[in-house]
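**Student:** just to be clear, the model below is a prediction. Sequence and coordinates:
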Amino acid sequence: MKRLRVGVVYGGRSSEHEVSLASAAAIFANLDRKRYDPVPIRIERDGRWSLAERPPSSESATDTIEHARNNPRDTNRVPLEILPLAHPSDETILMIERGVTRTSRSEKSVYPLISGMTLDVIFPIIHGPYGEDGTLQGLFELANIPYVGAGVLAGAVGMDKSVMKVVFTESGLPVVNHETVGRREWRNAETEILTQLTNRLDFPLFVKPANLGSSLGISRTTDRRSLSAAIALAAEFDRKIVIEEGVVPCREIECAILGNDLPEASIPGEVITSRDFYDYDAKYLDDRSEMVIPAALTASETKEITSLAVAAFRSVDCAGMARVDFLVNSDDGRIFVNEINTHPGFTTISMFAKMWAASGVSYSALLDRLIALALERHAEKQKTRTSAM
C-alpha cells in the first residue's frame, strides 16, 4: 500500500512556538511509518519555512519547551519555497523544495522535489496566531491540498475570543458576562474604561488577549488596580482584550471533539489546577496540576456538557478536532461554555489525547482518524460546483 506523504507543519511565529514543537514531537513519534511518510516542515519565529533535517523529539512536553527556550533557532534546516502555479489548474500549488542558492531571482528553479512528489496531506500543528487562526488554512485552501483540522472560518472564530462569544450567544450557548476593550481605546481612555468595567461586571474578573491560547497573557483580578495592570499586560499580546466575570466557586471541565459533519464527543475531564487558574506554567511546566478523567459529573451533567461541546463545534463550523472548555459553578451547577480550541495541545499527555484515550481511542488511532477526516473533507469540497456554466 502506498504510504501517504504527510507534511507536519510546526513552530510558527506566535508565543506558543514551544508548545507546537512539543505537539509535533508527539505526532512524529506516533505516526505509523507503514502507512505514512512524514515530512518535518518547521516555521521559524521570524516566519521562515524550512525542511528540518530531524523532526522535534523529546521524552516530554516540558523537555521540548525547555529545549526550545534554550535553543531558539534550529540550525539543522534546509530552506523551503512555496511555489504557486502561474495559471488556474486542478493541481495543488503547494510544493516543498530543497533549497539551493540561486544567482538571481529570475533564474528558473531546478530544485528537486522531495522524492519527486508533492504532499498528500498537511498536518498543521501550529498553536496560536499565524497558524491556528485561519491564515495558514487559507494558504492550504488556495493550494487545494487536504489538511487536518479546522478551516478558515472556524480557525478565525475559534482564535478570537470576542467574536467566538458572539457566535456562541447567537447559537444559544451559555457564556459568562463579558466585555471587549480595544488597545487603542484603552490607551486613550483608561480611567473611563475602568469605571465602565467595574460598573458592569463583578469581581473576580479574568482578563485575556482576544487572540491567543495556552493561557498566555491571562490574569485573574480582584480589584480596580489589578484590573488595570492585567489589561495593560493583555494589550502587549493583542489589540483586543476580553474581560470576563469569574465563576465562583468554579470547576474547569473539558471535552474533546472528533469529526466533520457528524462530530463525536469524548468522555469529559476535569482540570484541578495548583494555581489560581490554569495558566501557561500550570499547563506545561508545573506537574502539580491534576487531570481527572472522567470528570466527577452526574449522568445528566455529562450529557449536557457533551451536547454543548458538539453544539459549540458546529456553531463555528469546525472540522477535524477541537477541545471545548467549560466553567461549572460548584454551588448551583450552572454550566458555561468558556471557549473552543481548534488546535488544542496535542502531546500524548495533553487533555485532548487523554480524554480520547479514556474514550477508547489511542493516540495513534487519533492520528489515523484525523488524517482520514482531512481527506474526507477535501474530497467533499471537490464536489462543489465552481462554474456558472
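**Tutor:** On my side now, so go ahead.

**Student:** confidence score at residue 104?
**Tutor:** With respect to pLDDT, residue 104 has a value of 37.

**Student:** and what of the one 5 residues further on?
**Tutor:** The predicted local distance difference test score for residue 109 is 32.

**Student:** ok, residue 181 - contacts?
**Tutor:** 193, 197, 231, 240, 241, 243 (C-beta atoms under 8 Å, 6 or more residues apart in numbering). Every residue, glycine included, has its C-beta placed from N, CA and C.

**Student:** which two of the residues you listed have the greatest separation?
**Tutor:** 197 and 240 (14.4 Å; C-beta to C-beta).

**Student:** for residue 314, what are its contacts?
**Tutor:** residue 263.

**Student:** would you agree it falls within a helix?
**Tutor:** Yes: under DSSP: H, G, I helix; E, B strand; the rest coil, residue 314 sits within a helix.

**Student:** and it, how far is that from residue 53?
**Tutor:** 41 Å (C-beta to C-beta, to the nearest Å).

**Student:** what's the burial count for the residue nearest to residue 169 when sequence neighbours are not counted?
**Tutor:** Excluding its sequence neighbours, the residue lying closest to residue 169 (C-beta to C-beta, 6 or more residues apart in numbering) is residue 175, at 6.0 Å. Per other C-beta atoms under 10 Å, the neighbour tally for residue 175 reads 16.

**Student:** hang on, isn't residue 175 packed against residue 167?
**Tutor:** No: counting by C-beta atoms under 8 Å, residue 175 sits too far from residue 167 to count as a contact (10.0 Å).

**Student:** in stretch 130-141, what counts as buried?
**Tutor:** With burial defined by 16 or more other C-beta atoms under 10 Å, the residues of stretch 130-141 counted as buried are 131, 132, 133, 134, 135, 136, 137, 139, 140.

**Student:** over to stretch 32-45?
**Tutor:** 36, 37, 38, 39, 40, 41, 42, 43, 44.

**Student:** can you check stretch 242-261 too?
**Tutor:** 242-247, 250-259.

**Student:** equivalent analysis for stretch 320-335, please.
**Tutor:** For stretch 320-335, the neighbour count (16+ other C-beta under 10 Å) marks 320, 321, 322, 323, 324, 325, 326, 327, 328, 335 as buried.

**Student:** same question, stretch 230-237
**Tutor:** 230, 231, 232, 234, 235, 237.

**Student:** and if you look at stretch 216-228?
**Tutor:** Neighbour-count burial for stretch 216-228 flags 216, 217, 218, 219, 220, 221, 226, 227, 228 (criterion: 16+ other C-beta under 10 Å).

**Student:** let's have the residues you listed in TSV, adding secondary structure and distance to residue 209.
**Tutor:** TSV is the format used below for the buried residues of stretch 216-228 (DSSP: H, G, I helix; E, B strand; the rest coil; distance: C-beta to C-beta, whole Å):
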residue	secondary structure	distance to residue 209
216	coil	7
217	coil	4
218	coil	8
219	strand	10
220	strand	14
221	strand	14
226	helix	17
227	helix	15
228	helix	16
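
**Student:** next, format those residues as CSV and append distance to residue 121 and pLDDT.
**Tutor:** Converted to CSV, the buried residues of stretch 216-228 look like this (distance: C-beta to C-beta, whole Å; pLDDT from 0 to 100):
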residue, distance to residue 121, pLDDT
216, 29, 77
217, 33, 86
218, 34, 92
219, 39, 94
220, 40, 94
221, 44, 96
226, 46, 96
227, 45, 97
228, 47, 97
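
**Student:** and the buried residues of stretch 242-261, which two are furthest apart?
**Tutor:** 243 and 259 (33.1 Å).

**Student:** low-confidence stretches in the protein?
**Tutor:** Flagging of the chain using pLDDT under 70 yields the residue ranges 58-117, 213-214, 274-288.

**Student:** domains in it, by residue range?
**Tutor:** 4-147, 158-174+248-381, 178-245 (automatic domain parsing).

**Student:** got the ones you listed as TSV, with distance to residue 389 columns?
**Tutor:** Listed next are the domains of the chain as TSV, based on distance: least, C-beta to C-beta, whole Å:
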stretch	distance to residue 389
domain 4-147	14
domain 158-174+248-381	20
domain 178-245	41
